[in-house]
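Engineer: No letters, just coordinates:
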């Protein structure tokens with residue numbers, strides 16, 4: 001969590017509020033989070049009274065978003081210093097509801113162990129827009145294009161039209177449901193530059 005927060009604090013885009021929704025972690029993360037919130041005025045630390053599950057906690061994150069654009073970051077991934085600046089640029093210039101980026105894969109020691117593979121028709125572009133039809137087609141083909149912690153979206157769409165992470169119906173695939181719902185509002189965009197590192201750790205929820 002400290003590496004993740006350091007990568008967010010190092011963003012070249014500075015007008016950022018970081019809200020941490022601790023889901024009753026028991027690994028010492030909450031103590032680290034509290035120290036960061038004391039040191040940095042733009043960090044707010046919030047803790048649930050009980051563990052409500054990852055999907056319900058994502059819904060709390062949506063409810064807590066403020067400003068024009070928002071993102072739901074994971075607690076163990078790393079973000080390029082340029083990531084937020086580049087995403088804000090594309091969101092302000094393109095008629096899309098959300099933007100995603102390409103990712104490297106890292107291990108427990110933050111060592112690169114691979115990278116996300118994109119189809120040639122997508123990778124040859126700096127920015128690729130996906131309609132609902134294109135996105136749904138890629139899912140049916142088994143192509144993994146969109147990483148949850150790389151998503152930045154318009155807060156008004158998140159809060160007024162998406163509203164929740166439907167873990168009750170879709171379980172751990174609830175992120176796919178959210179991105180499809182975004183694509184029904186407007187296209188979603190994929191920045192094909194690697195701007196984050198997605199951690200594959202045996203101790204992580206996503207693993």
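Structural biologist: That came in fine, so what should we check first? What you see is a predicted model; the values in this text were computed from it and never measured.
Engineer: Could you check how far the most centrally placed residue in the chain is from residue 141?
Structural biologist: Among the residues of the chain, the one closest to the centroid is residue 149, at 2.1 Å (Cα atoms, centre = their mean). Per Cβ to Cβ, to the nearest Å, residue 149 is found 23 Å from residue 141. For every residue, glycine as well, the C-beta is placed using N, CA and C.
Engineer: got it, and residue 47?
Structural biologist: On the measure of Cβ to Cβ, residue 47 and residue 141 end up 40 Å apart.
Engineer: List the residues that contact residue 10.
Structural biologist: Counting by Cβ atoms under 8 Å, 6 or more residues apart in numbering, residue 10 makes contact with residue 81.
Engineer: If you could redo that for residue 56, that was the one I meant.
Structural biologist: With the criterion set at Cβ under 8 Å, 6+ apart, residue 56 makes contact with 165, 167.
Engineer: Would you mark the buried spots in the longest strand along the chain?
Structural biologist: Ranked by residue count under DSSP state E, the longest strand found in the chain is strand 188-199. Neighbour-count burial for strand 188-199 flags 188-192, 194-199 (criterion: 16 or more other Cβ atoms under 10 Å).
Engineer: And for stretch 165-177?
Structural biologist: So for stretch 165-177, counting by 16+ other Cβ under 10 Å, buried means 165-167, 174-177.
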